[in-house]
Structures are given as C-alpha cells and as structure tokens.
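# Turn this into a structure:
(chains A, B and C)
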Amino acid sequence: MVLLDIDYITRGEKAVIRLFGREKNDADENSIIVLDDGFQPYIYVVPHDLEQCHEQIKELDVLKVERVEMKDLARKKDFIKVTFNHPQDVPKLRDKIRDLTSVKDIREHDIPFYRRYLIDKGLFPMAEVEVEGKTATHQEINEISNDCLANIFELEGEIRPISSDFPNLNVLSLDIEVYNPKGMPKSEEDPIIMISLSSNQGLQKVLSTAESPLDFVETVDSEAEMLRRFVEIVQEENPDLLIGYNSDNFDFPYIKDRAELLNIPLNLGTDGSQLKFIKKGFANAALVKGRVHVDLYLIMRRYLQLDRYTLERVYLELFDQEKQDIPGDEIHRYWSEGGDKLETLFKYSLDDAVTVTEIGEKMLPLTLELTRIVGQPFFDVARMTTGQLVEWYLIRKAYEQGEVVPNKPSASQYSNRRGKRAAGGYVKDPVKGLHENIVYFDFRSLYPSIIISKNVSPDTLVAECDEDKCHISPERGYMFLKEPAGFVPSIIGNILNERVRLKTMMKESQDEDEKKFLNVQQEALKRLANSMYGVYGYSRFRWYRLECADAITAWGRDYIKKTMVKAEDFGFKPVYADTDGFYAVYQQ
DNA sequence: GTGAACCGGGG
DNA sequence: GTGTACGGTTCAC
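Just a heads-up that it's a prediction; the model follows:
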C-alpha cells in the first residue's frame, strides 16, 4: 500500500501506531488503516556513573533499562537506553531522570512517537510499503468511530519499504465564499454561501444555497445542508490529498466554526474522525485523519520569491496568465444582486478551486519527493521550513549510523546563539555605469562543495591538529580533520552523488514522464544539499556550530576573491560580485 | 540602537 | 502530543 499518513492511538494502556494507506495506483480502492502495537518509545541517558544510573532508573516506572554503545559526534560512548510503556510517559518521567544524581544528560527525548516509528522502521511516507501478515480487526476495540470508511487491519508480521514509482494520488481542492457585508468575515455571524470543489478525477462543483442555471452549481436548502453535502462528497470522492489556499488558517477554521454553530458533524477522516486543528506557533494546521491536507500558501512562500502571495499573484508567476478576481469586500454585493453578477461569482469561486488544483499539480511533486527523501509525513513536510527538513533528514541519517542526535538548544543556549552571526558571503558593490562585453562566472553549489572538500562538520572540528592532517580555514583558522569523513559532509556527498546518478538516468531516459519524475527527484536533492549549510548557522538547530558556518563563508570569500584575481590576469575586470559568483567586463 | 508590535494569506 | 511556537519589517522610545 501507499503510506499516506501515520499517528498513534491509545488502546488500554498501550500506544498503537496507525498507518493510513491505500492500495497503490487504484483510486477506487478503499482506504486502509494498519495497526501496530509492537513499538515502544525510548530515550538515551548520558550517565555520570553507569552502574548507579542503571539502578536508579530501574526504580522508576519504565519498561526496560539497558546499556548500549552509541556514537556521539563520531565518538563511541556508553549510553543507557530507557524504554517506556507509553509515549506520554516520556515527558512525565524525563525530568525525573535528568535530575538523578547519576545522570549527566538525556538525549532524543523530544522525538514524536510516530516520527521515531518511521525512522526506526525505515519507512517513507508517500511511498509504497509492504505489510507482511495482517488480520482484519474490529473497530470497537480500536476506538475508531462508526463512520470509519477504511478497512482496519492488525499488523501480524513486519512492515517494510519497497521501492516504488510515483503514487497516483486522488486530489480534491476546496475553496469557500462567505457573505460578509461588514469587513472581514466573522464566523459567528457571516454564513458560508459557496463551497467550491475541484478534483483531479474530473469533479468540478459549487455547492450553494443560491440557484443557478450553471451546470456545475448544486443548490441546497441551507448552509447546514451545504456542509452535510460537503462531507458526503469528500467521503464519496475519498481523496488522498485535500488542498486549499490558506486553508489552514481560513477555509477549514471557518468551516469548523460554522459546522459547530449549525451542529453538523465534520467526519472527514478515513477513520470517521472529525476535522482537527494543531497549533503550530502563531498558526493553525488543519488535520483530516487518513487524508493529507496541504495548504498551498505555505508551499508557495517556500518555493517562490515574490512580494506578495495572493492566489492571483502566484498564478501569474506560475502560468504567466492573469487570473480574474472579485475583491473580498465586493463579494456580498455580487451575491445580493443576483443575475449576471451572481453567475460571475459562481464562476470565480469555481475557478479558485480549479486554480488550486492546477497549482497543486505543478508544485506538489517537489514536496512529495522531499517527503520520500526526508521520510516524515507529507502533512508535516508541507509545513516544515527547509531547516527543519534538513534536521529531520539528519536525524534519520543519525539513526542509520548509530549516532545519538544532539539536543535542541535550551532557551538560554538559544538566546546566546541568537546574538552571534557567521560572517556572510563576499559582496563587491557594483561599478556604476552601463557595461558591455559582460561575462558571468559562478561556482556550482559553492557551500556544499566547501563542506565536502574541507570536511566541515561538528565531529571533525578540532582545537589542535598537525597541519598536514587538517584543513585550516582562511581568516579564522578553524581546523577540521581531513579524515575520517564527517557526519554532515558524508551525507551531502551521498546526496550529490545520488543527484549525479539521477541526472545521468534523466539524460539516458527516452520516456518523457520518467524524465520529468527524475528531474523532480534531482531538484529535491539539490534543494536539500543547498539547505545543509543552514544547519550550522541557525540558532534553533541541533547541529548548530557557529565555527562551521563561519569557516564555510570564510572559504567561500577566499575562493571568489582568488578567482576574481585570476580572472583579472586574463583581462576580465570584475564589476560586481556576490557570494558565489561575479560579473566581469572583458578588456582587450 | 533596542525591543515591542505588527503582519502574512483568506472573504 | 516524546505539547510551547516564524521571520521580517516597522514603530516607539
């Protein structure tokens, strides 16, 4: 099956992982939920005194205490692995453990249970997994609602990844219109007047309480009926992906508020569960179990560099076409006036949903690919910053290499780090004037290349070293061991090698679809490699190391300046430079 | 210069 | 949910 999403429920005292999936390439197939009760949460403890630590922790209400050897920034160390009965025991007991006299520190104590599961089992969402041995189970004992539409199974054997093609996904986009004559919509008073839906399976529909001769309009008696019908259509279409534009913070919260007011259940999940919200900092994330809700607004902010991110602006950028728009404060007039105006409103409303589908088809493949590389749920990856993406990729790699993951910075460490910044790239202010015979030079992936060639990594950074055994950064004089390959450099190396392999395959391929798919994959790897530099310089990150960030930019400045000097020897006069490239004028 | 306040998208 | 949190710009002093 294709693994769409994952979470866990509690059955009795036990945590049970739920894997949400669907048979591959079969949009009509029922949804599947596989339950696995055979996985337990754990953390690592750094002991002052191994024996005493072992004894003290054993006294607590934990499942297992064992001594393990793991690497900590490449150095082998003894840790104590503490396994818990339930994920919620971790926050309950970790402070107690940290405060024990025999304990120096605790590690990997803040990794969500479902993420731990994906990493430890080697599973990748949005890719195919093989479920070896499963038996049908009853929903009553699994706290799953009567409205559950999925087939539920209990995992008997193993679950493992199998390489697969890009999954065929059933996508449904939505957009709502609200009657708001008095400024921004208020869900306590302003009703939803239209719900527009567009799928990649051919559905185009606007639900509304108004009548229209337009064939895509389905008229219902009331707003309550409109919401009921919306739920019904989602269940019928059974999409893998639900997409919207700013739907995390507008459409879904609004639908939820109105549904509550009108007492309509929003059982949109494949398990029959209600629409939920997760607080994500200042913002919401709307969660529909078993389907992946993606808010394209966030994705566009990540991939496009624009002044504004309205749907119209984004559409113009991606398709080079103007999209007509009715200003928000005029919608109520179009609605009240009826006739041609109402017809226009219907058309624009549907067009917004169709546009979201189009933008999704164009832009989601890259995020899907990143999901399949980073190995965290698509829902999460679609809401992660590039820095978080890199961090979770590294956490998985750390597991594979037997490395214990560094802790997130404490509040004081964070504020301490925030004050400092690595020096930036070299910038030469442009020489004013109109230049002719301009040539441009730039380094391909300058920072990733420096990290690899100079082995810049927290585990290779040393205070003292023989000159022939280490790389010494210009200006700052930071020292990095030449051998062995550091944790981060080796990972970037693998990413770039894999990218070269994909690009070669792309050139050799005759199949246009395959070419496109390989291209998205290599783009995803490029993004990841280019973001790696950030983990050293961003204060919130586990692998933060100012010395590494500082050394990389120092080498970068050194390379670009040396190259400019060389270019001048050949008669190229640089007129402008920035970080990894420069413009020059050729003079005879 | 510093820290608090504000803002994004959506109708 | 192994909760707890963005980043950039403008404003007020």
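
# what residues are up against the residue nearest to residue A:1 when sequence neighbours are not counted?
Of all residues not flanking residue A:1 in the chain, residue A:21 sits nearest, at 3.7 Å (C-beta to C-beta, 6 or more residues apart in numbering). C-beta here means a position set from N, CA and C on the backbone, and glycine is covered the same way. Each residue near residue A:21 by C-beta atoms under 8 Å, 6 or more residues apart in numbering is listed here: A:1, A:2, A:3, A:4, A:31, A:32, A:33, A:34, A:129.

# The stretch 51-200 of chain A: helices as residue ranges?
A:89-98, A:113-121 (DSSP state H, counting those that start in this stretch).

# where in chain A is pLDDT low?
Residue ranges of chain A with pLDDT under 70: A:25-28, A:139-144.

# ok, back up a step: now for the helices of the stretch 51-200 of chain A, which one comes closest to DNA strand B?
Among the helices of the stretch 51-200 of chain A, helix A:113-121 comes nearest to DNA strand B, with 24.6 Å by C-beta to the nearest atom of the strand.

# residues of the closest one that come out buried?
Residues of helix A:113-121 classed as buried: A:113, A:114, A:115, A:116, A:117, A:118, A:119, A:121 (neighbour count, 16 or more other C-beta atoms under 10 Å).

# tell me the two of those residues that are most distant?
Maximum pairwise distance among the buried residues of helix A:113-121 (C-beta to C-beta): 12.2 Å, between A:113 and A:121.

# quick one on the thing from earlier: so which of the buried residues of helix A:113-121 is the closest to residue A:366?
residue A:118 (20.2 Å).

# number of nearby residues for the nearest residue to that closest one once chain neighbours are set aside?
Excluding its sequence neighbours, the residue lying closest to residue A:118 (C-beta to C-beta, 6+ apart) is residue A:375, at 5.7 Å. As a burial measure, residue A:375 scores 23 neighbours (other C-beta atoms under 10 Å).

# From DNA strand B, how far out is residue A:375?
27 Å (C-beta to the nearest atom of the strand, to the nearest Å).

# sorry, back to before: just put the contacts of residue A:21 in CSV and tack on distance to residue A:261 and secondary structure.
Putting the contacts of residue A:21 into CSV (distance: C-beta to C-beta, whole Å; DSSP: H, G, I helix; E, B strand; the rest coil) gives the following:
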residue, distance to residue A:261, secondary structure
A:1, 38, coil
A:2, 36, strand
A:3, 36, strand
A:4, 31, strand
A:31, 29, strand
A:32, 34, strand
A:33, 31, strand
A:34, 36, strand
A:129, 40, strand
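
# Can you lay out the residues you listed as TSV showing neighbour count?
Formatted as TSV, the contacts of residue A:21 follow (neighbours: other C-beta atoms under 10 Å):
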residue	neighbour count
A:1	22
A:2	22
A:3	25
A:4	24
A:31	22
A:32	22
A:33	23
A:34	23
A:129	22
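
# Just the closest of the residues you listed to DNA strand B, please.
residue A:4 (25.5 Å).

# That closest one touches residue A:371, doesn't it?
No. With contact defined as C-beta atoms under 8 Å, residue A:4 does not count as touching residue A:371 (10.4 Å).

# Where does the stretch 251-400 of chain A get nearest to DNA strand B, residue-wise?
residue A:328 (1.8 Å).

# Report the separation between that residue and residue A:239.
27 Å (C-beta to C-beta, to the nearest Å).

# These two: which has the busier surroundings?
Neighbour tally, residue A:328 and residue A:239, criterion other C-beta under 10 Å: the higher count belongs to residue A:239, 28 against 13.

# and the closest residue to the more buried one other than its chain neighbours, what are its bridge partners?
Leaving out its chain neighbours, the residue that sits closest to residue A:239 by C-beta to C-beta, 6+ apart is residue A:172, at 3.8 Å. Using DSSP bridges, the bridge partners assigned to residue A:172 are residue A:199, residue A:242.

# show me what contacts residue A:172?
A:197, A:198, A:199, A:203, A:234, A:237, A:239, A:241, A:242, A:243.

# ok, 7 Å please
A:197, A:199, A:234, A:237, A:239, A:242 (C-beta atoms under 7 Å, 6 or more residues apart in numbering).

# before we move on, what about residue A:185?
With C-beta under 7 Å, 6+ apart, residue A:185 has these contacts: A:178, A:254.

# Contact residues of the stretch 1-150 of chain A facing DNA strand C?
A:8, A:41-43, A:87-88, A:90-91, A:94, A:108-114, A:116 (C-beta under 7 Å from any atom of the strand).

# Kindly give a single PyMOL line that selects the buried subset of the residues you listed.
Command for PyMOL, covering only those of these found buried under the criterion 16+ other C-beta under 10 Å:
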select buried, chain A and resi 8+41+42+43+87+90+94+108+109+111+113+114+116
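
# Checking residue A:218 next. Helix, strand or coil?
strand (DSSP: H, G, I helix; E, B strand; the rest coil).

# partner residues bridging the nearest residue to it once chain neighbours are set aside?
Counting by C-beta to C-beta, 6+ apart, the nearest residue to residue A:218 once its immediate chain neighbours are dropped is residue A:207, at 5.4 Å. Residue A:207 has these beta-bridge partners by DSSP bridges: residue A:195, residue A:218.
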